[in-house]
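Novice: Sharing a model that was predicted from the sequence below.
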Amino acid sequence: MTRVLVVNAGSSSLKYEVLEAESGASVVSGLVERIGDPGSVVPDHAAALAAVLEGLDAESIDAVGHRIVHGGTVFVRATVIDDAVESEIERLAVLAPLHNPPGLVGIRAARAVLPFVPHVAVFDTAYHATLPPEAYTYAIDAAVAARHGVRRYGFHGTSYRYVTRRAAEVLGRPLEELRLVVLHLGNGASAAAVAGGVSVNTSMGMTPLEGLVMGTRSGDIDPAVLVHLQRVGGYDAAGLDDLLNRSSGLKGLGGHSDMRDLISAVDRGDQAAALAFEVYVTRVQRYIGAYAAELGGIDALVFTAGVGENSSRVRARAVDRLGFLGIVVDDTLNSTPSVAARVVSPADSAVAVLVVPTNEELQIARETVEVVRGEA
């Protein structure tokens, strides 16, 4: 068995899991928080990783896989990390200033503590490197876009790669013949149109802000709203960034960023929460319909991530009014709690509706092994 340490570094946290890549068995997992905070016993990520390894058999680790959010157009697949790759990830931080720098800190800390095993970067954007130009191009001045790297990159790619393969297994059909619309609905949320296992469009854009309504992010918005808020509201770039990324979405509309809390508020008769819920599911419906059209039809609709896997109400409302496309759920199947990948549509449905729990850590581990073995 090949044992992989998967590292997901945040600005002040380190999430880790050791997995047996072939079997998918989790050996150990954990989270180190408040790294570098005043009074913390963990001064930096190197110390955090060293503390983690004290409780592990470090010699049993065969490779380390790192989740990195943004690979730009440079990294279109998982990549073995060397000094040049480190430098390129640092250069790309301009496209993901909140995400790439912590990932880079995690890489440097892990390479220092485990210098004799291969380290692999697995990029959230890589899965969407297959987007055609008509999907990734924004209709702004082409020279400006090229100069500043303005285009659709897409995110949640590691989750999409795992979930689409599992969906094909559940359906008992080759992934290569399936047209899928996949909804990754968590605190961050996105949709993807997948044809034959290949991403052909996705809702997140140059950043993870575009697309669906999210826990605290606005998703799609008229760009002139930003100009208006600058002109009459006194907002600067930092203020707009905070508004759209941290004070909008379900939180901004309904006062709750967590879907469970929002639904509880809806059930109590909270009208703001009810509106937030309707805006959320209406946006999801819009993307399902758009991507079904773009794919020329749909074989399966797949829900994943925290909200998609656990909220039967979101799933039911998301497909409401989509019966004309053959997309319906069976009320009993949809409302029965389960942690298994499963079909929640009637057996005779024209379109299968699936719930597929994601496992990004296992996908990172498997891609790490593929790259190390030269199979990718």
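Specialist: That came through, no problem.
Novice: show me where pLDDT drops low in the stretch 251-376 of the chain?
Specialist: Residues of the stretch 251-376 of the chain meeting the criterion pLDDT under 70: 375-376.
Novice: how about the helices in it?
Specialist: 259-267, 271-295, 305-310, 312-319, 331-335, 360-372 (DSSP state H, counting those that start in this stretch).
Novice: closest one to I61 among those?
Specialist: Closest to I61 of the helices of the stretch 251-376 of the chain, according to CB to CB: helix 360-372, at 11.1 Å. Heads up, the C-betas are built off the backbone N, CA and C, glycines and all.
Novice: Can you mark which positions in that closest one are buried?
Specialist: Going by neighbour count (16 or more other CB atoms under 10 Å), the buried part of helix 360-372 is 360-369, 371-372.
Novice: Quickly note the distance from V198 to Y160.
Specialist: Going from V198 to Y160 by CB to CB, to the nearest Å gives 11 Å.
Novice: For the most centrally placed residue in the chain, grab phi and psi.
Specialist: Residue closest to the average C-alpha location in the chain (CA atoms, centre = their mean): H156, at 2.6 Å. Backbone geometry at H156, expressed as degrees, to the nearest 10, gives phi 60, psi 20.
Novice: which one is it nearest to, not counting chain neighbours?
Specialist: Among residues not flanking H156 along the chain, H184 sits closest, at 4.6 Å (CB to CB, 6 or more residues apart in numbering).
Novice: What helix or strand is the one you found located in?
Specialist: According to DSSP states H and E, H184 maps onto strand 179-185.
Novice: Tell me the helices and strands packed up against that strand.
Specialist: Contacting strand 179-185 under the criterion 3 or more CB pairs under 8 Å, 6 or more residues apart in numbering; DSSP states H and E are the following elements: helix 157-171, strand 189-195, helix 271-295, strand 300-304, helix 305-310.
Novice: Distance from the chain centre to it, please.
Specialist: For strand 179-185, the separation from the chain centroid amounts to 12 Å (computed by CA atoms, centre = their mean, to the nearest Å).
Novice: What are the contacting residues of it?
Specialist: With CB atoms under 8 Å, 6 or more residues apart in numbering as the test, strand 179-185 has contacts from 156, 159-160, 163-164, 167, 189-196, 212, 284, 287-288, 291-292, 295-308, 311, 314, 318, 358.
Novice: Please pick the buried ones from these.
Specialist: Neighbour counting by 16+ other CB under 10 Å classes 156, 159-160, 163-164, 167, 189-195, 212, 284, 287-288, 291-292, 295, 298-308, 311, 314, 318, 358 among the contacts of strand 179-185 as buried.
Novice: hmm, back to that, output the helices and strands packed on strand 179-185 in a markdown table; the columns should cover distance to G72.
Specialist: Converted to a markdown table, the helices and strands packed on strand 179-185 look like this (distance: least, CB to CB, whole Å):
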| stretch | distance to G72 |
| --- | --- |
| helix 157-171 | 13 |
| strand 189-195 | 18 |
| helix 271-295 | 24 |
| strand 300-304 | 25 |
| helix 305-310 | 24 |
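Novice: So what touches the helix or strand where V225 lies?
Specialist: Using DSSP H and E, V225 maps to helix 224-233. The contact list for helix 224-233 (CB under 8 Å, 6+ apart) reads 235-236, 240, 243-244.
Novice: Let's see if you can find the most crowded of those.
Specialist: Using other CB atoms under 10 Å as the neighbour test, the contacts of helix 224-233 are led by L244, with 21 neighbours.
Novice: Just confirm that residue contacts R217, I think it does.
Specialist: Yes: between L244 and R217 there is a contact under CB atoms under 8 Å: 6.6 Å.
Novice: Next, show the common contact partners of these two.
Specialist: By the contact definition CB under 8 Å, 6+ apart, L244 and R217 are jointly contacted by L209.
Novice: looking at this, K15 is in a strand?
Specialist: Yes: using DSSP: H, G, I helix; E, B strand; the rest coil, the secondary structure at K15 is a strand.
Novice: Got the domain ranges for the protein?
Specialist: Using automatic domain parsing, the domains assigned to the chain come out as 3-123, 171-360.
Novice: And the strands in the stretch 1-150 of the chain?
Specialist: In the stretch 1-150 of the chain, the segments counted as strands under DSSP state E, counting those that start in this stretch are 3-9, 14-20, 26-32, 63-68, 79-80, 119-123.
Novice: Need these in a markdown table (columns: mean pLDDT, mean neighbour count and distance to G323).
Specialist: As requested, these are exported to a markdown table (pLDDT from 0 to 100; neighbours: other CB atoms under 10 Å; distance: least, CB to CB, whole Å):
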| stretch | mean pLDDT | mean neighbour count | distance to G323 |
| --- | --- | --- | --- |
| strand 3-9 | 91 | 25 | 39 |
| strand 14-20 | 90 | 22 | 40 |
| strand 26-32 | 89 | 14 | 40 |
| strand 63-68 | 95 | 26 | 38 |
| strand 79-80 | 96 | 18 | 44 |
| strand 119-123 | 97 | 27 | 38 |
